[in-house]
Structures are given as structure tokens and as C-alpha cells.
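# My questions are about this predicted structure, shown below with the sequence.
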Amino acid sequence: MLFEIIAVFSLAIIVFSFSPLRRVFLPAPAVEKDFIFAGKRIEYFDFLKGVAILAVIVTHIVYLSVKTLKVEDPLFLFTLNNLARFAIPFFLVISGILSAWKYENKINLGRYYLGKFFRIYLPFAFFTMLVLFLHSKDIKDLSKFLINGQVLTPYYFIILILQLYILFPLLRFFKDSRGFLVLSFFISLFFFSFNQFNYLGEIILFPSYLFFFVYGMYYRNNFIKYEADKTAVKYWGLIIFLYITISFILPAHYFNFRPFYGLAVFNLFFIYKDKIIAKLDNVYGVICDAGKNSLWIYFTHFSLLTGLFYLANLFTKDLYATVLIIFFVSLPLSYWLGKLTGWLYNKISYILKPKYGTEDAK
């Protein structure tokens, strides 16, 4: 953890001391006009969520490699993990963008919170109970797991993002405040640095991740109506280079507070948006579909990976062979399992609660 803190502060000192990097990291909004939600999905955000869920799978392959193979974390695993750590920033920034855009003016609080309950918390509760059964955990802990999300390693994120959604009706009043954006960065930096403040009992708290959500709210129009700023490429590229260099100098298993690296990758995906869509061709549609089902892939992939690691370990103990096999097998299986789960839930929720079943689908 110490190396990770040093890495973040080293990047912070460099970025805020070098004015071109500072202006790229926290620029003035390029698009002033407000855009009202039109009721249609924005396909490229589905694509970015698809990329993010693939990165989540990679980080958990690394996690399970260390846990099940009992290996010391070599540079290979450090590098794989640290390069994929843009995933959670992606999800949080996109959530901030779409929330602030969709609820630009009015918000029906009852409908809003019911939508979050049926779209996010209810599936979370179902999978918590399912995991409790599949992983032979004590039923007495169910009520605790339904609050803290600790029934399975990745589920903490659901509790965390729900906190941000619960606070959003208040946060949206600060969506155009540059001062609040800067304040949110230092709030997140403080809580990241002092991990003991990140928990209320066993419940993870949101402040370490507040900045990403506020960043999405503040720059929502930049990304909704995006015009590529090619002059920023070299600076975002430099930030990525510095992050990779520092992570080699300070090799550690970094986690999800990646403000500079995460936002650099996110912005470069927008700068090269047209080229990415053109180059990926048919694969682009599959990744978009994975993004549409990212919630369901998130709920199901870790148990799937655990089972695959168990099977793979029956045949090989080689780290590189195991990682390679698990990676290529888990991606299509995670995709189809998540897609099937999402399809079933949407069918059931439409029957039970038709006006809330598709809330947050946009």
C-alpha cells in the first residue's frame, strides 16, 4: 500500500507542477451547451463499459492466480494488474456523465430510487444469496453481506456505487462547480491515503472514489458532444508513460484509485473514438453488447473464474499457461453467462415492475 500511495503522490506532484499536464487533467469545459437526455442509449458508452468489464476480469484473473497458485507476485502479474486498473474509474466516470446528463433539470426521487433498487440492489441481493449457497458461507451472515457486499471479492463495488447514486440528487447541484471538482479530488486523495477512514464497520465508503463520479458529472457535455483535441494526446500519453514507469520502479499490486492513469486512458479512448470504431469492425458490436450486460457479467464472472481456476489447476500449475487458458476461456463464457442472466432478469422485472424494470438501461 505504501508504494501505491507514493506512486499516486509522485504523479500528483508531476501533473500539478507541470502546467500543460495540469491543464489537460482538469481543463475548462470545452462544451458549454447543455444537452437534454433524448432517451436513447449512447453506444460508445456501452463500448467503454465493455472494455472496462474485460479489464475487471483481467484484474480478478491476477487476483486468483496469486491466491490459488500460491505464487509470489512476479512482475508479470504486477504489470497485468496495474495496466487493467482503469476499469473502476471508467465505470464511475460514465455513471457520473450519464446521471448528470439524464437528470439535467428535474428528477422524480421516488422513481429514481426505485429504479436503482430494481436495477442494481435487487440483483445484488439475489446474487449475494446465490453466492452464499454456492460458496457454503454461513446463512447467519446474510444480513451483513446484504449491507457490506463482502460475500464475494468484487461485490464491494456495488455498495460503493449505490452510495454515490443515493447521494446523486444532492451532488447534481454541484455538477457545474469547478471548485467542487477540485475539492472532490483532494477528498478522494485524502481517503485513499488514510485507508482506515474508508470503512464504517465493514462497509466500504465512497469518498475515495468520489472524484471519478464528480469528474463525469462536470465534464458530461465534453463527452456527450465530443470533439477530439489532438493536442492533448501527447500529454495524456506522457501521464500513462509516467504511471507505467513509476509502477515498474515501485512494483506493487495497485488497486482502483487511479486518477491520472484512469482518466488518461478514458480521454484517449475518446480522442481516438472514430479510429477505434473503424478498426474493431465486428468486434466493436460484441464489446458494446458486453457493456450493455456489464452488470450481469460483474455479478457472475468471479464465481466462474473460481471454478475455471479449480479445473485448470487439475492439469497444470504453470502460472503463464494457467493465466493464458483462463483468459481465453473466461471471456466468452463470462459474456454469454452475463448476457443470459441479464436477459432473464429483464424478462422477470418487466412482468413484475414494467415501469421500473429498465431504469438505468440508458
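Thanks, I have the structure now. Values in this document were obtained by computation on a predicted structure and should not be read as measured data.
# center of this protein - which residue?
A centroid search over the chain (CA atoms, centre = their mean) returns Ile88, at 2.4 Å, as the residue closest to the centre.
# how close does it get to Ser95?
11 Å (CB to CB, to the nearest Å). C-beta: built from backbone N, CA, C; applies to glycine.
# Equivalent analysis for Leu134, please.
Applying CB to CB to Leu134 and Ser95 gives a distance of 28 Å.
# do the same with Glu104
Relative to Ser95, Glu104 is positioned 15 Å away (CB to CB).
# what does Leu69 give?
Leu69 sits 34 Å away from Ser95, taking CB to CB as the criterion.
# Between these two, which is the more surrounded one?
Shown here are Leu69 and Ser95; by other CB atoms under 10 Å, Ser95 has more neighbours (21 against 17).
# How about the contacts made by the residue lying farthest from the centre of the chain?
Distance to the chain centre peaks in the chain at Phe315, reaching 32.8 Å (criterion: CA atoms, centre = their mean). By CB atoms under 8 Å, 6 or more residues apart in numbering, the contact set of Phe315 is empty.
# Just to be sure, it is in a helix?
No: using DSSP: H, G, I helix; E, B strand; the rest coil, the assignment for Phe315 is coil, not a helix.
# Provide the backbone phi and psi angles at it.
Phe315 adopts backbone torsions of phi -110, psi -30, taken as degrees, to the nearest 10.
# give me the low-pLDDT residue ranges for the chain?
Within the chain, the ranges that satisfy pLDDT under 70 run 30-40, 351-362.
# Which residue ranges of it form strands?
Per DSSP state E, the chain carries strands over the ranges 199-200, 203-204.
# Give me the longest helix you can find in this structure.
Under DSSP state H, the helix in the chain containing the largest number of residues is helix 319-352.
# What's the separation between Ala84 and Asp281?
24 Å.
# got a list of what the spatially closest residue to Phe260 that is not a sequence neighbour touches?
Closest residue in space to Phe260, ignoring its immediate chain neighbours: Leu11 at 4.7 Å, by CB to CB, 6 or more residues apart in numbering. Going by CB under 8 Å, 6+ apart, Leu11 touches 239, 242-243, 246, 260-261.
# Let me have those in TSV, extended by neighbour count.
Supplementary listing: those in TSV, determined by neighbours: other CB atoms under 10 Å:
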residue	neighbour count
Ile239	24
Leu242	19
Tyr243	25
Ile246	21
Phe260	23
Tyr261	25
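# what's next to stretch 145-157, contact-wise?
Applying CB under 8 Å, 6+ apart, the contact partners of stretch 145-157 are 56, 60, 63, 88, 91, 124-125, 127-128, 131-132, 135, 137, 141, 144, 158-160, 201-204, 298-299, 301-303.
# tally of neighbours for Pro20?
13.
# now it, nearest residue through space, not along the chain?
Excluding its sequence neighbours, the residue lying closest to Pro20 (CB to CB, 6+ apart) is Tyr235, at 5.6 Å.
# same question, Phe124
Ile158 (4.7 Å).
# And Gln163, how close does it get to Lys70?
Gln163 sits 35 Å away from Lys70, taking CB to CB as the criterion.
# Ok, Leu170 next?
From Leu170 to Lys70 the distance is 46 Å (CB to CB).
# List the contacts of the residue lying closest to Met129 once chain neighbours are set aside.
Leaving aside its sequence neighbours, Met129 sits nearest to Leu142 (CB to CB, 6+ apart; 6.7 Å). By CB under 8 Å, 6+ apart, Leu142 lies in contact with 128-129, 132.
# What separation do you get for Leu142 and Ile158?
As judged by CB to CB, Leu142 and Ile158 stand 15 Å apart.
# now do Leu54
19 Å.
# and if you look at Tyr345?
Distance, Tyr345 to Ile158, by CB to CB: 14 Å.
# Asp281 too?
As defined by CB to CB, Asp281 lies at a distance of 33 Å from Ile158.
# next one: Gly216
Taking CB to CB as the measure, Gly216 falls 18 Å from Ile158.
# Compare those two (neighbour count), which wins?
Taking other CB under 10 Å, Gly216 and Ile158 do not tie; Gly216 has more neighbours (25 against 20).
# residues in contact with the more buried one?
For Gly216, the contact set (CB under 8 Å, 6+ apart) comprises 92-100, 223.
# of those residues, buried ones?
92-100, 223 (16 or more other CB atoms under 10 Å).
# right, and out of those residues, which lies closest to Leu331?
Ile94 (20.8 Å; CB to CB).
# ok, the residue lying closest to Lys339 once chain neighbours are set aside - how many residues close by?
Of all residues not flanking Lys339 in the chain, Asn293 sits nearest, at 4.9 Å (CB to CB, 6+ apart). Number of residues near Asn293 (other CB under 10 Å) recorded here: 26.
# My read is that Asn293 contacts Gly338, right?
Yes: using CB atoms under 8 Å, Asn293 is in contact with Gly338, at 4.5 Å.
# contacting residues for the residue nearest to Trp101 when sequence neighbours are not counted?
Distance criterion CB to CB, 6+ apart; nearest residue to Trp101, sequence neighbours excluded, is Arg220 at 4.9 Å. Contacts for Arg220 (CB under 8 Å, 6+ apart) come out as 96-98, 100-101, 175.
# Helices - which of those residues land there?
Within these, residues falling in helices by DSSP H are 96-98, 100-101.
# can you redo those as TSV with distance to Arg23?
Shown next, in TSV, are the ones in helices among the contacts of Arg220 (distance: CB to CB, whole Å):
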residue	distance to Arg23
Gly96	21
Ile97	21
Leu98	26
Ala100	22
Trp101	24
